[in-house]
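With the input below, show me the fold.
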Amino acid sequence: MPPISIEKLYNPQYDLLPIYDKKVLLKNIAKLYSLELISFKEFSVFEKSIYTAVYRSNDGIEFIFVPGDTVKLGLNFENKRLQDIFNDENLAELVYPFVDGYDDKIYNEEDVLTKIKDTLADEEIVSNIENYIRHNFTQEGGVLSPHC
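Here you go, the predicted model:
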């Protein structure tokens, strides 16, 4: 069995391979790591698809090969507001602890949403939330994800 070219295990090289070459590569991975190759399969998510293999280890654990790629981790706040980074649901959960009125009885979801909206209108509170996130969350950066 010829050695596996490391470059082919990462995108964009893996994506550029024809299906036949992907199958050869995926079979070689199975042989190299003593895995049972169950099937070849195409997965699609977030407008991307991948042709890969489903394997089973000697322990009976099933998994797939995912080619390595560069991903961004962390948050980038440069010239962005909280509303530009978080969707409405996540933003509401983030702001909820800063909502005044825990002593008041909130009878329905509309009251909660109104209080959240009012809290987001308070620039000082939003600034405190942004500062908290900047100091406690990882800043955006790129890392190479592992394969297999």
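
isn't residue 42 right up against residue 51?
Yes - under the criterion of Cβ atoms under 8 Å, residue 42 makes contact with residue 51 at 4.9 Å. Where C-beta positions appear, they are placed from N, C-alpha and C, glycine not excepted.

Which one's more surrounded, those two?
Set residue 42 next to residue 51 and count neighbours by other Cβ atoms under 10 Å: residue 51 wins out with 16 against 9.

mind checking how far the more buried one is from residue 28?
Residue 51 sits at a distance of 15 Å from residue 28 (criterion: Cβ to Cβ, to the nearest Å).

Residue 138 too?
Residue 138 is 36 Å from residue 28, by Cβ to Cβ.

So which residues of this protein form helices?
13-16, 19-32, 82-85, 88-95, 109-121, 123-136 (DSSP state H).

Any buried residues in the second one, and which?
Within helix 19-32, the residues that count as buried by 16 or more other Cβ atoms under 10 Å are 22, 25-26, 28-30.

tell me the mean pLDDT for it?
Mean pLDDT, helix 19-32: 95.

Can you spell out which helices and strands pack onto that helix?
Packing partners of helix 19-32 (3 or more Cβ pairs under 8 Å, 6 or more residues apart in numbering; DSSP states H and E): strand 36-45, strand 48-56.

swap in the third one?
Counting contacts by 3+ Cβ pairs under 8 Å, 6+ apart, the secondary-structure elements packed against helix 82-85 are helix 88-95, helix 123-136.

which one of those is the most hemmed in?
Highest mean neighbour count of these: helix 88-95, a mean of 14 (counted as mean count of other Cβ atoms under 10 Å).

Can you tell me what sits against that helix?
Counting contacts by Cβ atoms under 8 Å, 6 or more residues apart in numbering, the residues outside helix 88-95 that touch it are 82-83, 86, 113, 116, 119-120, 125, 129.

try stretch 127-142
Taking Cβ under 8 Å, 6+ apart as the rule, stretch 127-142 contacts 70-77, 82, 94-95, 98.

Closest to residue 56 out of those?
In terms of Cβ to Cβ, no member of those lies closer to residue 56 than residue 71, at 26.8 Å.

What about that closest one, how many residues nearby?
By the criterion of other Cβ under 10 Å, residue 71 has 10 neighbours.

For residue 3, find the nearest of the helices of the chain.
Judging those by Cβ to Cβ, what sits closest to residue 3 is helix 19-32, at 8.7 Å.
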